[in-house]
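[1] my questions are about this predicted structure, shown below with the sequence.
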Amino acid sequence: MPTLTGSCFCRNVEYELKLASNDDARTSLCHCRNCKKAFGTNYGLTAKVPKEAFNLTKGAPKEHVADNGSGALIYREFCQNCGSFILEYGDAAKDHFRYICVGSLDDPEALPPKGEFFCKARASWMPEIPNVFHKQEVHE
Ligand SMILES: [Zn+2]
Ligand SMILES: [Zn+2]
């Protein structure tokens, strides 16, 4: 069983991901406006993992909860000290999945992307990722 580790920038928050296989994580880019704002760059990059796979091993992130603009709540967790974005999940996925910010993994190449969401909002200068799925809308 592969165990991946991750942390925020200052390492006050650390976590482990225990996956039956790295293939159980679904990494995707999302080009929607919410992800641009939340990640502070032109797309969001998260790995969807089963909720039980994620375990905090150090620290207590700050939680931010907000309407995502379509009436559904979205939960985001950050380091209270350095502000690194650790994970997010929507109301519908709350009991089943966590979406881990891929750049917080200690090996950020461990979980390469399988697809892209909200391609209609892709930055005009950003090329498509080859050989992955592409959806014009949908953020899940
Ligand atoms: Zn930190
Ligand atoms: Zn998005």
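    In hand now; what should we look at? Numbering: from 1, shown residues only. Ligands and ions are numbered 1, 2, ... in the order given.
[2] strands along the chain, start to end?
    3-7, 14-18, 26-30, 44-50, 54-58, 62-67, 73-78, 85-90, 97-101, 113-117, 133-134 (DSSP state E).
[3] go through these and name the closest to residue 37.
    Residue 37 lies closest to strand 44-50 among the strands of the chain, at 9.4 Å (C-beta to C-beta). For glycine as for every other residue, the C-beta is placed from the backbone atoms N, C-alpha and C.
[4] report the angle between that closest one and strand 3-7.
    140 degrees (axes from the mean of the first three to the mean of the last three C-alpha atoms, to 10 degrees).
[5] what packs against strand 44-50?
    In terms of contacts (3 or more C-beta pairs under 8 Å, 6 or more residues apart in numbering; DSSP states H and E), strand 44-50 is packed against strand 26-30, helix 33-39, strand 97-101.
[6] and the ones you listed as a markdown table, adding mean pLDDT and mean neighbour count?
    Output for those, formatted as a markdown table (pLDDT from 0 to 100; neighbours: other C-beta atoms under 10 Å):
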| stretch | mean pLDDT | mean neighbour count |
| --- | --- | --- |
| strand 26-30 | 97 | 22 |
| helix 33-39 | 94 | 17 |
| strand 97-101 | 98 | 24 |
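[7] just put the strands of the chain in JSON lines and tack on distance to residue 37.
    JSON lines is the format used below for these (distance: least, C-beta to C-beta, whole Å):
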{"stretch": "strand 3-7", "distance to residue 37": "22"}
{"stretch": "strand 14-18", "distance to residue 37": "24"}
{"stretch": "strand 26-30", "distance to residue 37": "12"}
{"stretch": "strand 44-50", "distance to residue 37": "9"}
{"stretch": "strand 54-58", "distance to residue 37": "23"}
{"stretch": "strand 62-67", "distance to residue 37": "11"}
{"stretch": "strand 73-78", "distance to residue 37": "11"}
{"stretch": "strand 85-90", "distance to residue 37": "11"}
{"stretch": "strand 97-101", "distance to residue 37": "14"}
{"stretch": "strand 113-117", "distance to residue 37": "15"}
{"stretch": "strand 133-134", "distance to residue 37": "22"}
